[in-house]
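Chemist: Sequence and computational prediction follow.
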Amino acid sequence: MNKPLTCRETTYLVISARDEALKREQLDALNAHLQTCSYCRVANAQFGALYAQLDALLARGVQP
Ligand SMILES: [Zn+2]
């Protein structure tokens, strides 16, 4: 039985999903929250766009 996530926890999962694969129950809880919370849907989309921009910048790359 999963308890519902708060918006804060959802944001944390969205960010940490970037660095490591989420557990099945974390993904389920995240998706369940995104379906019911328009604020987190917007935040999730904005994080996605931000990370895409970061990846593009990093791919262009400063030489190490
Ligand atoms: Zn939310």
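Modeler: It's in.

Chemist: Can you classify Leu5 by secondary structure?
Modeler: Look at Leu5: counting by DSSP: H, G, I helix; E, B strand; the rest coil, its state is coil.

Chemist: just checking, what packs against the helix or strand harbouring Tyr12?
Modeler: For Tyr12, the element it lies in under DSSP states H and E is helix 7-19. Applying 3 or more CB pairs under 8 Å, 6 or more residues apart in numbering; DSSP states H and E, one finds that helix 7-19 makes contact with helix 24-36, helix 38-60. C-beta: built from backbone N, CA, C; applies to glycine.

Chemist: Show me what counts as buried in that helix.
Modeler: For helix 7-19, the buried set under the neighbour-count rule, 16 or more other CB atoms under 10 Å, comprises Glu9, Thr10, Thr11, Leu13, Val14.

Chemist: what residue lies at the spatial centre of the chain?
Modeler: The centroid of the chain falls nearest to Val14 when counting by CA atoms, centre = their mean (1.9 Å).

Chemist: just to revisit the earlier point, and of the buried residues of helix 7-19, the nearest to His33?
Modeler: Lowest distance from His33 to the buried residues of helix 7-19 (CB to CB) belongs to Thr10, with 4.7 Å.

Chemist: gap between that closest one and Pro4?
Modeler: As judged by CB to CB, to the nearest Å, Thr10 and Pro4 stand 10 Å apart.
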